[in-house]
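Undergrad: any chance you can model this:
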Amino acid sequence: MAAPVLRCGGRSLALDRPRVMGVLNVTPDSFSDGGRFLEAGSARAQARRMVEEGADLIDIGGESSRPGAEPVSAEEEIARVVPVIEALADEVAVPLSVDTCKPQVMRAAVAAGAGMVNDIQALQAPGALAEAAALEVPICLMHMQGEPRTMQQRPHYDDVAAEVAGFLRARAEAAEAAGVPRERLVLDPGFGFGKTLAHNYQLLRRLDAVVELGLPVLVGISRKSMVGRLLERGVEERLAGSLAAAAVATFQGAAIVRTHDVAATADAVRVAAAAAQGAEAAEAEL
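TA: Sure, this is the predicted structure:
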């Protein structure tokens, strides 16, 4: 069976092997790199660096979704992401994704050159379903219990893997009913979004519950508190733990791994994919 291909505007992303998504936050307050790439020149340089290190696509976000984060207006978000997207559309050959839940931002970003939408609210904002259908680019639907300001206040599940999978199945069905073709959908279980430390590791262990839905799965674990709290490491000391989690997710079938540390993650993903696929696949790369 042929591997899925995401048609990202004028660029394609074949999922014949696990892919690496580089994180580019053009925000003053993201948990890991807030403020570092707020200036357009530094953001563009970082994107080019990530592509050189092996990023298969770049995810650009203009609003922090860290726990406790305050929302920003659509106008401010557009002002942050659109100039970067416009510049990078001519500078890098890989697809660009916009990390947003606002229909206005989705529209402006795709018009500027973004070829994918990464929505932490899974198209639940008013007008988002209709906008996603009209834009004709891939959409990543993420699970989150609550909202960034409150999501870590006593999250509860009876069966986290089953409930996350059930939510994502329902949102995929809603997207299809709104006119988004199934081949344009990607699912993200939302590690760290409305989940305790135990929930996150239960979900990582049972990622197959989401993979079995039959759509490409994107995971974002890079530098998150589920790594930091377990290892008692600060944000800048979480690389080894993040790589271990990325490898576990890849081994279980994740199609895209979202990361701040592209070069190291690309290596980890490649090794995990070879292990998952067996010796013949590893030898084919030689």
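Undergrad: report the rounded mean pLDDT for stretch 259-270.
TA: On average, the pLDDT along stretch 259-270 is 97.
Undergrad: could you list the low-pLDDT ranges of the stretch 151-286 of the chain?
TA: Low-confidence segments of the stretch 151-286 of the chain (pLDDT under 70): 151-152, 279-286.
Undergrad: residue 101 contacts residue 128, doesn't it?
TA: Yes. Contact criterion C-beta atoms under 8 Å: residue 101 and residue 128 qualify, at 6.7 Å. Glycine gets a C-beta too; all of them are placed from N, C-alpha and C.
Undergrad: so what sits against both of these two?
TA: Common neighbours of residue 101 and residue 128 (criterion: C-beta atoms under 8 Å, 6 or more residues apart in numbering): 119, 121.
Undergrad: can you give me the strands for the stretch 101-250 of the chain?
TA: Applying DSSP state E, counting those that start in this stretch to the stretch 101-250 of the chain gives strands spanning 116-119, 139-142, 185-188, 218-220.
Undergrad: just put those strands in JSON lines and tack on distance to residue 237 and mean neighbour count.
TA: Formatted as JSON lines, those follow (distance: least, C-beta to C-beta, whole Å; neighbours: other C-beta atoms under 10 Å):
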{"stretch": "strand 116-119", "distance to residue 237": "26", "mean neighbour count": "27"}
{"stretch": "strand 139-142", "distance to residue 237": "26", "mean neighbour count": "27"}
{"stretch": "strand 185-188", "distance to residue 237": "25", "mean neighbour count": "25"}
{"stretch": "strand 218-220", "distance to residue 237": "19", "mean neighbour count": "27"}
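Undergrad: including distance to residue 4, could those go into TSV?
TA: Listed next are those as TSV, based on distance: least, C-beta to C-beta, whole Å:
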stretch	distance to residue 4
strand 116-119	14
strand 139-142	13
strand 185-188	9
strand 218-220	13
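Undergrad: any idea how far residue 130 is from residue 179?
TA: Separation of residue 179 from residue 130 (C-beta to C-beta, to the nearest Å): 8 Å.
Undergrad: so residue 98 lies in a strand, does it not?
TA: Yes. Under the criterion used here (DSSP: H, G, I helix; E, B strand; the rest coil), residue 98 sits inside a strand.
Undergrad: who does the helix or strand containing residue 6 touch, helix- and strand-wise?
TA: Element membership of residue 6 [criterion: DSSP states H and E] is strand 5-8. Counting contacts by 3 or more C-beta pairs under 8 Å, 6 or more residues apart in numbering; DSSP states H and E, strand 5-8 packs against strand 11-14.
Undergrad: how distant is the strand it packs on from the center of its chain?
TA: In this view, strand 11-14 has its centroid 16 Å away from the chain centroid, taken as C-alpha atoms, centre = their mean, to the nearest Å.
Undergrad: state the mean pLDDT of it.
TA: pLDDT averaged over strand 11-14 gives 96.
Undergrad: sheet partners, orientation included, of whichever helix or strand comes after that strand?
TA: Using DSSP H and E, the helix or strand that directly follows strand 11-14 along the chain is strand 19-25. As defined by DSSP bridges, the strand partners of strand 19-25 come to strand 57-61 (parallel), strand 256-259 (parallel).
Undergrad: which residues touch the first one?
TA: Pointing back at strand 57-61 there. By C-beta under 8 Å, 6+ apart, the residues outside strand 57-61 that reach it are 8, 13, 19, 21-27, 30, 43, 47, 50-51, 81, 84-85, 88, 92, 94-100, 109, 114, 116, 118, 256, 258.
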